[in-house]
Every structure is written in structure tokens, then in C-alpha cells.
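**Q** coords please:
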Amino acid sequence: METRRGYSIFHIGLHWLIAALVLFQLFFGESMTAVVDAAEGGQPVSVTDKALGSAHYWVGLAILALVLVRLIVRLASGVPAPAGRGPKWMQVAAHASHGLFYVLLLAAPAIGLLAFYLGDPWGDVHSLAKPAFIALIAIHAVAALYHQFWLKDGTLKRMLSTAG
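**A** Residues are numbered from 1 along each chain as shown. Predicted structure coming up:
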């Protein structure tokens, strides 16, 4: 592990790019369901659903690739020590939530590919990723705001600027 205080611009860029792509998937991913359902029912698909369904596929692949890059960079260069030590339970919760993010960020696209090429039950399993992401993102955001405004330990600042 490195001893620097903040993340590199590359770490920060990957974090926010992956976050934006995940939000795109959460907001527009239902179009893929519409495409699959229409195909199974022999129904026509709207141009919008077709375009967003295709985007869902490619954005999912991009997330998978970027997360693999992020993991390689993380393993190669390490990450800075936590800004604030806090109680042990908080450190365990931080590690667990980040670990869950990586599992979801790798598993959701992989299972999505299985769903796309093999169908059910993979589609049903893949659909569980959405509520899991929403819950984890909410916890992550609340924790970041708690660190920023209650603990004032600079945790959030480190993911917004390299000056952290």
C-alpha cells in the first residue's frame, strides 16, 4: 500500500467514469428488458428501446473492462491509507462495501452477458443487480457525506481532487 494521502487523477477518473456508466445502466437498463421481451413475444421493438438496449450491452462491457483496469491499477499502485481511521467497525464496513462494489461491478456485466446469450434464469439473476446497486450506492453516498460533513476527515475530497 502506498502512503500518499490522495488518489491519482487516473484513480479518480476511473471512479467517476464507472459511476457515470453505472448510473446510465440503472436509468436506462430497462430498455434491454423491453428488447428481450419483444423478441420473445415476436413483437416489434421501438427505435429508442433498440438503441438503449444496444447501449446497455456496450456500456456493460465498458464497465467490465474499466473495472478490470481499475483492479489492475489498484493492485499495481495500491491505494492511499484511509483519511480518517475511525472505529474498527467503520473500517470493516468500508472494506466490505468496496469489496461488494467490485463483486457487483464484475458480476453484473458477466451475468448480463450470460442472460443475453443464454436467457433465463440468468436474466432474473441479472435483474437483482439493480436494487443491490441502488442500496450500495445510497450507503456509499451517505457514508461519504458523513465523512465530509460530520467527521470532516477529507475522505470525500480525496475522490474529488488529487490535492487530498
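**Q** lowest confidence element among the helices and strands of this structure?
**A** helix 155-158 (a mean of 77; mean pLDDT, DSSP states H and E).
**Q** packing partners for that one?
**A** Judged by 3 or more C-beta pairs under 8 Å, 6 or more residues apart in numbering; DSSP states H and E, helix 155-158 is in contact with helix 129-146. (Each C-beta comes from the backbone N, C-alpha and C, glycine too.)
**Q** Need the contact partners of the helix it packs on.
**A** Outside helix 129-146, the residues that touch it by C-beta atoms under 8 Å, 6 or more residues apart in numbering are 22, 26, 29, 93-94, 97, 100-101, 104, 107-108, 111-112, 155-156, 159.
**Q** residue ranges of the helices in the chain, please?
**A** 9-28, 30-41, 47-77, 88-118, 122-127, 129-146, 155-158 (DSSP state H).
**Q** Can you say which of those is packed in most?
**A** Stretch with highest mean neighbour count among the helices of the chain: helix 155-158 (a mean of 20; mean count of other C-beta atoms under 10 Å).
**Q** pull the CA atoms of that helix into CSV?
**A** Output of helix 155-158 as CSV, limited to C-alpha atoms (Å, rounded to 0.1, in the frame of the first residue of the first chain):
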residue,chain,number,x,y,z
THR,A,155,-12.4,11.3,2.7
LEU,A,156,-14.8,12.8,0.1
LYS,A,157,-12.2,15.4,-1.0
ARG,A,158,-9.8,12.7,-1.9
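**Q** how distant is that helix from the center of its chain?
**A** Using C-alpha atoms, centre = their mean, to the nearest Å, the mean C-alpha position of helix 155-158 is found 18 Å from that of the whole chain.
**Q** where does this protein dip in pLDDT?
**A** Applying pLDDT under 70 to the chain flags the ranges 1-5, 83-85, 162-164.
**Q** if you set the cut-off to 90 instead, what comes out?
**A** Flagging of the chain using pLDDT under 90 yields the residue ranges 1-9, 11, 33, 36-40, 74, 77-91, 94-95, 119-120, 144, 146-164.
**Q** which residue lies farthest from the center of it?
**A** Most distant from the centre of the chain: residue 42, at 33.1 Å, with distances by C-alpha atoms, centre = their mean.
**Q** which phi and psi does that one have?
**A** With angles defined as degrees, to the nearest 10, residue 42 sits at phi 70, psi 30.
**Q** cool, residue 120 as well?
**A** Dihedral angles of residue 120 (phi, psi; degrees, to the nearest 10) stand at phi -70, psi 150.
**Q** now it: how far from residue 148?
**A** In this structure, residue 120 and residue 148 are 43 Å apart, going by C-beta to C-beta, to the nearest Å.
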